[in-house]
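> I'll drop the sequence and a predicted model, then ask my questions.
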Amino acid sequence: MHLTPQEHDRLLLFTAAELARARRSRGLRLNVPEAIALVADTVCEAARDGARLAQAVAAGSAVLDGDDVLPGVADVVRRVEVEAVFDDGTRLAIVQEPFGPPSASVLAPGHLEVAPVAPQPPTDVVEVVVVNESPVPISVTSHFHFFEVNPRLRFERAAAWGRHLAVPAGAVQRFDPGMPLTVALVPFGGERVMVGFAGLVDGPLDAPGAKQAGLARAHACGYLGAEPSAEPTTGGER
């Protein structure tokens, strides 16, 4: 039996969730890995059953509460993130405070309270005009490599290299059939290594020749907007 990396990870998550269910059925309170696995698996199974994103997140929020987990787990795990496969594609589901609010209202010894810092607006922003040429709506999550999104979305692929939607983490952008929509894209940070997604990169974004090779693969696979003769559709930088 040959499994893709994504299928292997899903099977591992399911196994951990089954262990958590078994221990919970014996009256045991769950630790951090068990609790995270059970919430994430619940979201994935809800998606598999045909639930929409909000419904799957609600299912993950309801599966456990503070009495089901060991003391301190709710303080440590403030959110659970999992990529689940929905009817309209893979989307990032984020369950906030999955076990209820943190129990302690008093800071622990040695804990420093830091005032929140307002995020600075990104300066390197590119806008592209996207047209969904499929007959069904297509949704894209916040941190999907936009260069590799659905082949039936037409836009200037080269402009989206190494970028994702400029929306809050976990947000989803919907593209309705035939309706042009201008979206803003910002660059990925960190080490800028893409693995997975649609498999058009699977390596460092900034390696010599990586962008040209990715465009060639996208064109060969029929991704709209990757054609060498494609007219630019960018709305410009701001």
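Sure thing, it's come through.
> contacts only, for Val172.
Val172 is in contact with Leu53, Arg91, Ser139, Val140, Thr141, Ser142, counting by CB atoms under 8 Å, 6 or more residues apart in numbering. C-beta here means a position set from N, CA and C on the backbone, and glycine is covered the same way.
> tell me the mean pLDDT for stretch 67-80?
With pLDDT averaged residue by residue, stretch 67-80 scores 90.
> separation between Phe175 and Arg154?
Phe175 sits 10 Å away from Arg154, going by CB to CB, to the nearest Å.
> let's see if you can find the most crowded of the contacts of Val172.
Compared across these, Val140 has the highest neighbour count, 24 neighbours, by other CB atoms under 10 Å.
> state the phi and psi torsions of the nearest residue to Leu181 once chain neighbours are set aside.
Leaving aside its chain neighbours, Leu181 sits nearest to Val130 (5.3 Å; criterion: CB to CB, 6 or more residues apart in numbering). Main-chain torsions, Val130, degrees, to the nearest 10: phi -110, psi 130.
> so how many other residues sit close to Val195?
Residues lying near Val195 (other CB under 10 Å) number 10.
> quick check: nearest residue in space to it, chain neighbours excluded?
Nearest one to Val195, counting by CB to CB, 6+ apart, is Asp202 at 5.6 Å.
> just Val201 next, same as before
Closest residue to Val201 apart from its sequence neighbours, by CB to CB, 6+ apart: Met194 at 4.0 Å.
> how many neighbours does the one you found have?
Residues contacting Met194 under the criterion other CB under 10 Å number 21.
> does it touch His145 like I think?
Yes: with contact taken as CB atoms under 8 Å, Met194 and His145 are classed as touching, separated by 5.4 Å.
> lowest-pLDDT helix or strand in the chain?
Least confident element among the helices and strands of the chain, by mean pLDDT, DSSP states H and E: strand 234-237 (a mean of 50).
> do I have it right that Leu153 meets Val129?
No: the pair Leu153 / Val129 is not scored as a contact, 10.7 Å apart, by CB under 8 Å.
> the more surrounded of these two?
Higher neighbour count among Leu153 and Val129: Leu153, with 22 against 15, using other CB under 10 Å.
> any idea how far the more buried one is from Val128?
Look at Leu153 and Val128: by CB to CB, they are 10 Å apart.
> show me what the longest helix anywhere in the chain is packed up against.
Longest helix in the chain by number of residues (criterion: DSSP state H): helix 5-25. Helices and strands touching helix 5-25, by 3 or more CB pairs under 8 Å, 6 or more residues apart in numbering; DSSP states H and E, are helix 32-48.
> helix or strand next in line after the helix it packs on, which one?
For helix 32-48, the following helix or strand on the C-terminal side (DSSP states H and E) is helix 53-62.
> give me the next element, helix or strand, following that next one.
Next along from helix 53-62, by DSSP H and E: helix 73-76.
> the helix or strand just after that next one pairs with which strands?
For helix 73-76, the following helix or strand on the C-terminal side (DSSP H and E) is strand 79-86. Next to strand 79-86 in the sheet, as set by DSSP bridges, lie strand 89-96 (antiparallel).
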